[in-house]
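**Q** From the sequence below, what's the structure:
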Amino acid sequence: MAATVLVGEAGLLAGVGSHLGYSEWLDIDADRLALFAQATGDVDATYLAISLSNMFLPQIVEVQGFAMGINYGTGPVSFEQPLVAGMRVRGGAALVELSEVKGGVQTLMRITIEQATGEPVCVIESISRWLH
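**A** Numbering: from 1, shown residues only. The predicted structure follows:
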């Protein structure tokens, strides 16, 4: 279950400027890194952190009251440090901005993948559209 539930445009508007919560912790082990490398052909796990945001975000927030939600893309992404075996990470999210678009609204959420020390691994400006 998500930490925060936002219902409709009013719920999203009320959530602007709020931290929405955290995902569960995930241990990064050598097997996960190897599977990522096998799936992507890239032995550098830098981009694994951004991929994990798709797993973490539904644990953090659930948006209801729309016919459809679309992952519209990202703004800036910063990779603060690489994921390595033995690291423990989780995602946190804040609702930064809400704007109207044709047929609904668009949100900008800042997702921070952080390790157990509190240091950020990756910060993602995630853009979603919520359509009626």
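
**Q** moving C-terminal of the helix ranked longest in the chain, what's the next helix or strand?
**A** Taking DSSP state H as the criterion, the chain has its longest helix at helix 48-60. Next along the chain after helix 48-60, taking DSSP states H and E as the criterion, comes strand 61-64.

**Q** ok, the next helix-or-strand element following that next one: who's next to it in the sheet?
**A** Next along the chain after strand 61-64, taking DSSP H and E as the criterion, comes strand 68-79. Strand 68-79 has its sheet partners listed here by DSSP bridges as strand 120-131 (antiparallel).

**Q** longest single strand anywhere in the protein?
**A** For the chain, the longest strand by residue count, based on DSSP state E, is strand 88-101.

**Q** Can you list the buried residues in it?
**A** Within strand 88-101, the residues that qualify as buried by neighbour count (16 or more other CB atoms under 10 Å) are 89-95, 98. All C-beta atoms are positioned from the backbone trio N, CA, C, and that covers glycine.

**Q** related to what we said a few turns ago, return the angle between stretch directions for the longest helix of the chain and strand 88-101.
**A** In terms of direction (axes from the mean of the first three to the mean of the last three CA atoms, to 10 degrees), helix 48-60 departs from strand 88-101 by 70 degrees.

**Q** mind listing what's buried in helix 48-60?
**A** For helix 48-60, by 16+ other CB under 10 Å, it's 48-50, 52-53, 56-57, 59-60.

**Q** farthest-separated two in the residues you listed?
**A** By the measure CB to CB, 48 and 60 form the most distant pair in these, at 18.2 Å.

**Q** Okay, and the residue lying closest to residue 97 once chain neighbours are set aside sits in which element?
**A** In space, and not counting its chain neighbours, residue 97 is closest to residue 108: 4.0 Å by CB to CB, 6 or more residues apart in numbering. Element membership of residue 108 [criterion: DSSP H and E] is strand 104-115.

**Q** Show me what that strand is packed up against.
**A** For strand 104-115, the helices and strands in contact under the criterion 3 or more CB pairs under 8 Å, 6 or more residues apart in numbering; DSSP states H and E are helix 8-15, helix 48-60, strand 88-101, strand 120-131.
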